[in-house]
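Chemist: Got a sequence here, can you build the structure:
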Amino acid sequence: MKYTIDKQEKYSLLRLHEEKMDSSVAPGLKSELITLHAEGVKNIILDLAEVKYTDSSGLSALLVGNRIVQEDGGIFILANLSDHTMKLIKISQLDSVLNILPTVEEAVDAVFMHEIERDLKKTD
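Modeler: Just a heads-up that it's a prediction; the model follows:
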């Protein structure tokens, strides 16, 4: 699996450099998301700009990432989805479960908003 990780203070940006997010990539993606979370990363942005095709095992990896991050009070955001991946997510009715934004920039803004909201809830 080809990918890069950009670790920032408030989030990590994982860019997948694969055309397909299928059974050959999904296990590696799952383990990378779990590793990031285990290292203390609370917020993860997954940039799927290069992914043209996704199957059910790819969706499964996304759901694992979403679950582990949300359990910890963080936010898991998908950015730059292809039409195919977006259609699959909608058909699976996961568009109401997953955080999806058009660009990485918007995803970064959403992470900061999430952090501010979380900090405000702590002070209540």
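Chemist: where are the low-confidence patches of this structure?
Modeler: 124 (pLDDT under 70).
Chemist: Which parts of it are strands?
Modeler: Under the criterion DSSP state E, the chain carries strands at the ranges 3-7, 12-16, 20-21, 44-47, 53-54, 76-79, 99-101.
Chemist: who wins for proximity to Ile91 among the ones you listed?
Modeler: Closest of the strands of the chain to Ile91 is strand 53-54, at 11.1 Å (criterion: CB to CB). Placement of C-beta: from N, CA and C, glycine included.
Chemist: residues in contact with the closest one?
Modeler: Glu19, Lys20, Met21, Asp22, Ser82, His84, Thr85, Leu88 (CB atoms under 8 Å, 6 or more residues apart in numbering).
Chemist: 10 Å - rerun?
Modeler: Around strand 53-54, the neighbours that count as contacts under CB atoms under 10 Å, 6 or more residues apart in numbering are 18-22, 25-26, 48, 61-62, 81-82, 84-89.
Chemist: In helices only, show me those.
Modeler: Ala26, Ala61, Leu62, His84, Thr85, Met86, Lys87, Leu88, Ile89 (DSSP state H).
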